[in-house]
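S.K.: sequence-free structure coming up:
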């Protein structure tokens, strides 16, 4: 379910996925197929890890990445769940053929330092 709420989305970001909801800052983002695919990838990741484990692993990996990169932004961009979503977001058929636990191949350290935030 997609909900528009500028109050639920952290400052500097366009959306956040908290199963089963996708909160977006502006309604026009519903029409952005690449953006919505990114968020749907997170929904799939959350389901695979029975929701709770996703949030635990996301938080632990964020702390590890923060220690590595020393900035919140680079820590966020290099979390395996985010890396998978950013790399595959433009492939609108990705979720139809995505292998189970695909985020694992993004655990290896390969720096991502692009400017866009989601």
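M.R.: Done, it's in. All of these numbers come straight from a predicted model, not from anything done at the bench.
S.K.: so residue 82 versus residue 5, what's the distance?
M.R.: Going from residue 82 to residue 5 by Cβ to Cβ, to the nearest Å gives 21 Å. Just so you know, the C-beta spots here come from the backbone N, C-alpha and C atoms, and that holds for glycine as well.
S.K.: now residue 34
M.R.: From residue 34 to residue 5 the distance is 21 Å (Cβ to Cβ).
S.K.: what's the burial count for residue 81?
M.R.: 21 (other Cβ atoms under 10 Å).
S.K.: what do you get for residue 66?
M.R.: 17.
S.K.: with residue 18 instead?
M.R.: Per other Cβ under 10 Å, the neighbour tally for residue 18 reads 14.
S.K.: got the phi/psi numbers for it?
M.R.: Note on residue 18: backbone dihedrals following degrees, to the nearest 10 are phi -130, psi 100.
S.K.: quick one, grab the pLDDT at it.
M.R.: Looking at residue 18, its pLDDT reads 97.
S.K.: more neighbours, residue 82 and residue 5?
M.R.: Higher neighbour count among residue 82 and residue 5: residue 82, with 24 against 12, using other Cβ under 10 Å.
S.K.: find the nearest non-adjacent residue to that one, please.
M.R.: Distance criterion Cβ to Cβ, 6 or more residues apart in numbering; nearest residue to residue 82, sequence neighbours excluded, is residue 76 at 6.2 Å.
S.K.: name the element that neighbour belongs to?
M.R.: Secondary structure assignment for residue 76, by DSSP states H and E: helix 72-77.
S.K.: list the helices and strands that helix packs on?
M.R.: For helix 72-77, the packing partners by 3 or more Cβ pairs under 8 Å, 6 or more residues apart in numbering; DSSP states H and E come out as helix 52-69, helix 80-88.
S.K.: which parts of it are buried?
M.R.: For helix 72-77, the neighbour count (16 or more other Cβ atoms under 10 Å) marks 75, 76, 77 as buried.
S.K.: per-residue pLDDT, the spatially most central residue of the chain?
M.R.: Centroid check for the chain by Cα atoms, centre = their mean gives residue 82 as the closest residue, at 4.1 Å. Per-residue confidence at residue 82 stands at 98 (pLDDT).
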